[in-house]
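Chemist: coords please:
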Amino acid sequence: MPRQYPIEKNRDIGFIAHIDAGKTTVTERVLFYTGISHKIGEVHKGEAIMDWMAQEKERGITITSAATTCFWAPGEYPAKDKQNEYRINIIDTPGHIDFTAEVQRSLRVLDGAVVIFDGVAGVEPQSETVWRQADKFKVPRICFINKLDRIGADFEKGFQSILERLTPNAVKLQIPIGLEDKHEGVIDLLTQKAYYFEGDSGEKVVEKEVPKNLKGETEKLQKELIEKIVEQDDKLTEKYLDGKEIGIDELKSALRKTTIDYKLVPVFCGSALKNKGIQLLIDAIIYYLPSPSDLSAVEGLKPKTEEKLTREAKDEAPFASLAFKVATDPYVGSLTYFRVYSGKLTAGSYALNSTTGQKERIGRILRMHADKREEVKEIYAGEIGAAVGLKGTTTGDTLCDPSNPIVLEKITFPEPVIFISIEPKSKADQEKMSLSLKRLAEEDPTFKIRSDEETGQTIISGMGELHLEILVDRMLREFKVEANIGQPHVAYKETVKKIAIGEGKYIRQTGGRGQYGHVWLRVEPLEQGQGFEFINAIKGGIIPQEFIPAVQKGVKEAMDKGVLAGYPVVDTKATLYDGSFHEVDSSESAFKIAGSMAFQSAAKRASLVLLEPVMSIEVIIPQDFMGEVTGDLNSKRAKIEKMEDRVNMKVINAKVPLSEMFGYATQLRSMTQGRGSFTMEFDHYAEVPRNIAQEIIEGKKK
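Modeler: Numbers count the residues shown, from 1 in each chain. Predicted coordinates for the structure are as follows:
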C-alpha cells in the first residue's frame with residue numbers, strides 16, 4: 001500500500017509540561033477538533049482518551065506516554081479538502097517527575113514539541129526540567145500558555161517567566177482577549193485578526209476585526225514581532241530596511257525556518273478547558289514545527305567498526321528505527337513502540353536488532369490510538385508504530401535493515417533514588433510475582449529489581465514513592481499478584497574523599513593445589529557522576545595478564561556490596577600497581593578475592609563517606625501558613641533558596657534530603673488545612689552529615 005501522506009505532511013510532536021498544566025486536556029481537544037473522538041473526554045471526570053490506564057483515571061494524572069494519530073487541514077475549520085490534510089502523530093507525556101523516563105524517551109524520538117504552561121503559575125519546576133530535556137535532544141518547540149480563564153491568570157507574567165527562566169528567544173504570536181472570566185478569544189499578531197470560538201464545544205472559529213481597545217497594542221506588538229523575524233533572514237532584513245512590504249506567507253516561512261533552527265520560540269495562548277485557541281495551536285504545529293524531512297539525517301554507528309553512518313528521512317533509504325517503549329497490552333501481548341527514521345518496514349518481514357545482533361520477525365504492525373489499535377501492512381520514514389510480540393528488543397534498541405546495519409544512539413535514563421522490599425503473600429504468588437516484575441522492568445528502564453543476598457528479600461527501586469506505588473498497584477490489577485511491601489528506603493551511596501592504598505593477600509593451603517593471589521591497589525576519588533574507573537598499571541608481568549580482569553571483577557563486587565554501610569561505592573578510581581603470583585597456586589578466583597580484599601582495605605583508609613539524594617522541591621501555600629511551613633522545612637535540613645509570590649499564594653523553592661521527605665504530602669496537608677501542595681524532583685547526591693551518617697551505619701549493622 002503506497003504512503004497516504006507525503007513525508008513533508010507528517011508531524012511527530014509531543015505535548016510536554018509540568019504536572020497539571022493541561023497537557024492531556026489540550027490533547028483531548030485536539031482529538032475532538034480533528035474528528036478522532038466525537039466527545040471531549042475530561043481529565044477531572046476520568047474520561048480522557050489518552051489517560052486510559054485505571055490508575056490514570058483515578059488520580060487524574062498521566063502516568064504513561066500515549067501515542068495517537070490525527071489529521072488536520074490548517075486554516076480550514078472544519079477541513080473541506082482532504083488534499084490539504086496533514087498527519088500529526090502525537091505523544092502525550094506525563095508531567096510528574098517520577099515518570100521522567102516517559103518524557104525522556106518520547107523527546108528522543110519526536111521532531112517537535114508543544115510546551116504547555118499554566119497561565120496562573122507560569123514556568124514551574126518541571127517546566128524547566130522538560131525544557132532542559134528538550135534542549136538535550138535539540139527538539140524545536142512552540143509554547144502554549146493555557147488556563148487563561150482561571151482566577152489569577154496573567155499572560156504577560158507567564159510570557160516574562162518563559163523569557164527569564166527558559167529562553168530569551170520566545171516571541172508572542174498571539175495575545176488573549178480578556179483574562180479570567182472575561183477571556184473571550186485570541187488575537188493573531190501577524191494577521192491582525194481576532195478569533196472567537198463559538199458553539200457548544202468551541203468548534204466554530206469566528207474571525208473578526210481586533211477590538212478597538214486592543215488595536216494600538218496589537219500594532220505595536222506586530223511591529224516588534226516582524227522585526228524579530230526579519231532579523232534572522234538577511235534578504236528579509238534588506239527588504240524591511242528598504243521599507244518594502246513583506247507578505248504574511250514570507251514571514252510565516254521565515255519564522256518556520258528559525259523555529260526549526262531553535263532561534264525563535266513562538267508563544268500562543270488560550271484555555272483548553274473552555275475550548276479557546278486550540279484550533280489555531282494545531283495550525284501552528286503544522287506551520288512552525290518540522291516534518292521529518294526538515295531535520296538533518298539521523299546519525300548512528302556501524303556495528304563492530306564504530307564507523308559513523310547517517311540515514312536520510314526517505315522511504316527509499318535503508319530501514320532504520322529506534323524502539324523507544326515496550327508495553328504490555330492485555331489483548332495482543334507485548335508491544336514495542338518504534339519510530340521509523342528512514343526506509344519502510346513491511347509486516348511479515350525480518351528486521352535486525354543491531355544492538356543485540358538478533359533478527360526479529362515483524363509479524364504485525366499497529367498504529368496506536370491511546371489503547372486502541374489499527375493494523376497496517378507497511379510503515380514509512382517519519383512514522384511511529386508498534387510491533388507485536390518481539391522477543392529480544394528493549395527500550396533504546398535499534399531495529400534496522402539486516403543488510404545495512406546501523407546502531408542509533410541509545411536513550412540514557414536517570415538512576416533510581418528510592419527502594420522498597422517486596423514479597424509475595426502466598427506461595428502461589430511467588431512465580432507470578434517474578435514474572436510480573438520482569439515484565440514491568442522491561443517496560444520501565446528506571447524500575448530496577450535485585451535480590452538482597454544477606455536477607456534473601458526482593459528489592460525494587462524507582463524514581464519516587466508514587467512511581468513504586470503505581471507499579472505495585474499494576475502488579476495487583478494487571479497480573480493479579482498480591483504482595484507485602486516494606487518501608488521505603490533511600491538509595492544511599494558511598495564514596496572516597498582522598499587517595500589511599502591497600503593490600504589484598506589471599507593464601508589458602510590445602511592438601512592438594514593451594515590458592516594464591518596478592519595485589520596492591522590505589523583508590524582515589526573521581527568527580528560526581530563519573531562512576532568507576534579501573535586502571536591496570538602493572539609493569540613487567542609481576543601479575544600475569546590473564547588475572548587482571550579477575551582483580552577488576554573482585555574490585556567491582558566489593559564496590560557493589562559497599563564498605564561503610566553496605567551501599568554501593570561510586571565515583572572512585574582504582575589503580576592496580578603491584579602484587580605477586582605463584583606459578584602453580586595462583587588462579588582467577590584467588591585474584592578476584594585478593595582484589596576485593598585490597599579494595600576494602602584501601603577504601604577504609606580513604607575517608608569513606610555516605611552520599612544521599614537531595615531533592616529540589618517547590619512548595620505552594622497560602623500566606624498564613626508561611627512561618628509554620630518554613631520552620632518545618634528547616635527542621636528537615638532544607639536549604640531554602642528563594643521565596644516568591646504567585647497570585648495570592650507563597651512559593652518556596654528549596655533543596656531537601658530525600659530521607660526527610662517521606663510522608664510529606666500528608667504533613668503539608670495537615671499544616672495548611674489541605675490547601676498546600678508541593679512538587680519534588682531529584683537534584684544531586686550530597687554528603688550526609690557525620691552524626692546522621694553514624695545513625696544510618698549503626699541502623700544497617702543492627
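Chemist: Which element, helix or strand, includes the residue nearest to residue 406 when sequence neighbours are not counted?
Modeler: With sequence-adjacent residues excluded and distances taken as CB to CB, 6 or more residues apart in numbering, residue 406 is closest to residue 300, at 4.1 Å. All C-beta atoms are positioned from the backbone trio N, CA, C, and that covers glycine. If you go by DSSP states H and E, residue 300 is part of strand 298-301.
Chemist: pLDDT averaged over that strand, what's the number?
Modeler: The pLDDT scores in strand 298-301 average 88.
Chemist: rewinding a little: which ones are touching the residue nearest to residue 406?
Modeler: Going by CB atoms under 8 Å, 6 or more residues apart in numbering, residue 300 touches 308-311, 320, 398, 406-409.
Chemist: Can you mark which positions in the helix or strand containing residue 470 are buried?
Modeler: Element membership for residue 470, per DSSP H and E: helix 465-478. Neighbour counts over helix 465-478 (16 or more other CB atoms under 10 Å) mark 465-472, 474-475 as buried.
Chemist: returning to what we had before: weed out the non-buried ones from the contacts of residue 300.
Modeler: If you count burial by 16+ other CB under 10 Å, the buried members of the contacts of residue 300 come out as 309, 311, 320, 398, 406-408.
Chemist: Quick one: neighbours of residue 501, just the number.
Modeler: 17 (other CB atoms under 10 Å).
Chemist: What of residue 534?
Modeler: Residue 534 has 18 nearby residues by other CB under 10 Å.
Chemist: if I pick it, what's in contact with it?
Modeler: Neighbour list for residue 534: 552, 555-556, 573-576 [criterion: CB under 8 Å, 6+ apart].
Chemist: Ranking by neighbours, what's the top pick from these?
Modeler: Each of those was scored by neighbours using other CB under 10 Å; the highest score is residue 555's, at 28 neighbours.
Chemist: give me every residue that touches that one.
Modeler: 521, 534, 574, 595-596, 598-599.
Chemist: helix, strand or coil for it?
Modeler: Residue 555 falls in the helix class when you classify it by DSSP: H, G, I helix; E, B strand; the rest coil.
Chemist: The host helix or strand of residue 522 packs against which elements?
Modeler: Applying DSSP H and E as the criterion places residue 522 in strand 515-525. Under the contact definition 3 or more CB pairs under 8 Å, 6 or more residues apart in numbering; DSSP states H and E, strand 515-525 sits against strand 493-496, strand 500-508, strand 572-580, helix 588-605.
Chemist: hang on, the earlier thing: rebuild the contacts of residue 534 as a markdown table, extending it with distance to residue 382.
Modeler: Putting the contacts of residue 534 into a markdown table (distance: CB to CB, whole Å) gives the following:
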| residue | distance to residue 382 |
| --- | --- |
| 552 | 44 |
| 555 | 47 |
| 556 | 42 |
| 573 | 44 |
| 574 | 47 |
| 575 | 49 |
| 576 | 50 |
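Chemist: ok, so of those residues, who is nearest residue 170?
Modeler: Among the contacts of residue 534, residue 573 lies closest to residue 170 (CB to CB), at 43.3 Å.
Chemist: Apart from its neighbours in sequence, what residue is nearest the closest one?
Modeler: Excluding the flanking residues, the one nearest residue 573 by CB to CB, 6+ apart is residue 533, at 4.3 Å.
Chemist: wait, what's in contact with the one you found?
Modeler: Contact partners of residue 533, counting by CB under 8 Å, 6+ apart, are 526, 572-574.
Chemist: centre of the chain versus the helix or strand containing it, how much separation?
Modeler: Per DSSP H and E: residue 533 is located in strand 532-536. Centroid separation between strand 532-536 and its chain, computed with CA atoms, centre = their mean, to the nearest Å, is 31 Å.
Chemist: Could you do stretch 215-223 as well?
Modeler: Distance of stretch 215-223 from its chain centroid, counting by CA atoms, centre = their mean, is 38 Å.
Chemist: before we move on, back to that, turn the helices and strands packed on strand 515-525 into CSV, including mean pLDDT and distance to residue 126.
Modeler: Shown next, in CSV, are these (pLDDT from 0 to 100; distance: least, CB to CB, whole Å):
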stretch, mean pLDDT, distance to residue 126
strand 493-496, 93, 25
strand 500-508, 91, 41
strand 572-580, 93, 32
helix 588-605, 93, 37
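Chemist: This completes my enquiry, with thanks.
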